[in-house]
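K.L.:
Could you work out the structure for the sequence below:
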Amino acid sequence: MYKKFKGEIPIGMVIRHTCDNRKCINPEHLIIGTHQENMDDRNKRHRTALGEKNGRNKITKSQVIDILKDMETPVAKLAERYNLKRGTIYDIKNRKIWAWVKM
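P.N.:
Okay, the predicted model is just below:
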């Protein structure tokens, strides 16, 4: 649609949709941008599947809360308990992932 109404798409660029209506086909709502800008749009509009809604998720929000609250169990044991990598436990505890979870 972009090519038909607006022209060529530069190499390495993507087409971003400026409204959140999935059924919209208005070419005026299409703009050029980078992949990062597209991901930033997604995040700003809260269109990202977080936590248990993410198909790649391996644990629940309540398990994340348990991990965050547990200050005694070694990371290796937590990783074993939840069948996760140690790095994932570190990332949870350092709020690099699941940062939106409130305790």
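K.L.:
neighbours around residue 35, how many?
P.N.:
By other CB atoms under 10 Å, 11 other residues sit near residue 35. For glycine as for every other residue, the C-beta is placed from the backbone atoms N, C-alpha and C.
K.L.:
what's the spacing between stretch 8-23 and its chain's center?
P.N.:
19 Å (CA atoms, centre = their mean, to the nearest Å).
K.L.:
CA atoms of the host helix or strand of residue 65 as CSV?
P.N.:
Following DSSP states H and E, one finds residue 65 within helix 61-69. Extracted in CSV, the C-alpha atoms of helix 61-69 (Å, rounded to 0.1, in the frame of the first residue of the first chain):
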residue,chain,number,x,y,z
LYS,A,61,4.2,-13.1,37.5
SER,A,62,3.8,-14.6,40.9
GLN,A,63,7.0,-16.6,40.4
VAL,A,64,8.8,-13.4,39.5
ILE,A,65,7.6,-11.8,42.7
ASP,A,66,8.8,-14.8,44.6
ILE,A,67,12.2,-14.5,43.0
LEU,A,68,12.4,-10.8,43.7
LYS,A,69,11.5,-11.3,47.4
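K.L.:
Can you give the contact residues for the next helix or strand after it?
P.N.:
Next along the chain after helix 61-69, taking DSSP H and E as the criterion, comes helix 75-82. Helix 75-82 is contacted by residues 58-59, 63, 67, 70, 73, 84-86, 88-90, 93 when judged by CB atoms under 8 Å, 6 or more residues apart in numbering.
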